[in-house]
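Colleague: have a look at this fold, sequence not included:
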């Protein structure tokens, strides 16, 4: 069974940092485009960042540019989302998602993504 596991969420003060991880069981992420999405209560799910299977291209939503960094370690079958300078408006459940793709670009709408993690809660509060 193909599963994604997202982890690393928690409670952090404004201005703090967290690193989310996305790992896979049952398949390799090395040929997958990976996206991170988030959903806050009462809001629609939004794309936060994505990375191509090669890692050569990354994309970010404007609200996290300069604060979040997506990266991948295919040897560890893991994709990371480093989140710095966290703000209360970053609070949400974060999901990683994957779809097999070798394109040189990635998209942050959830349509193409086939596999999803269960989500990890990020709470930003003093």
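Modeller: Yep, that arrived. These numbers come from a predicted model, not from an experiment. Numbers count the residues shown, from 1 in each chain.
Colleague: in stretch 16-36, what counts as buried?
Modeller: Neighbour-count burial for stretch 16-36 flags 18, 20-24, 27, 29, 32-36 (criterion: 16 or more other Cβ atoms under 10 Å). To be clear about C-beta, it is placed using only N, CA and C from the backbone, and glycine gets the same treatment.
Colleague: average pLDDT for it?
Modeller: Regarding stretch 16-36, the rounded mean pLDDT is 94.
Colleague: try stretch 72-92
Modeller: Mean predicted lDDT for stretch 72-92 stands at 96.
Colleague: now that stretch, how far from the centre of its chain.
Modeller: Distance, stretch centre to chain centre, for stretch 72-92: 6 Å (Cα atoms, centre = their mean, to the nearest Å).
Colleague: before we move on, what about stretch 55-75?
Modeller: Counting by Cα atoms, centre = their mean, stretch 55-75 is centred 8 Å from the centre of its parent chain.
Colleague: now do that stretch: distance from first to last residue.
Modeller: 13 Å (Cα to Cα, to the nearest Å).
Colleague: likewise stretch 96-113?
Modeller: Terminal residues of stretch 96-113 are spaced 9 Å apart (Cα to Cα).
Colleague: any idea which of the buried residues of stretch 16-36 is closest to residue 84?
Modeller: residue 18 (8.7 Å; Cβ to Cβ).
Colleague: contacts only, for the closest residue to residue 39 other than its chain neighbours.
Modeller: Here the nearest residue to residue 39 in space, its sequence neighbours aside, is residue 45; by Cβ to Cβ, 6 or more residues apart in numbering that works out to 4.2 Å. The contact partners of residue 45, by Cβ atoms under 8 Å, 6 or more residues apart in numbering, come to 37, 38, 39, 95, 110.
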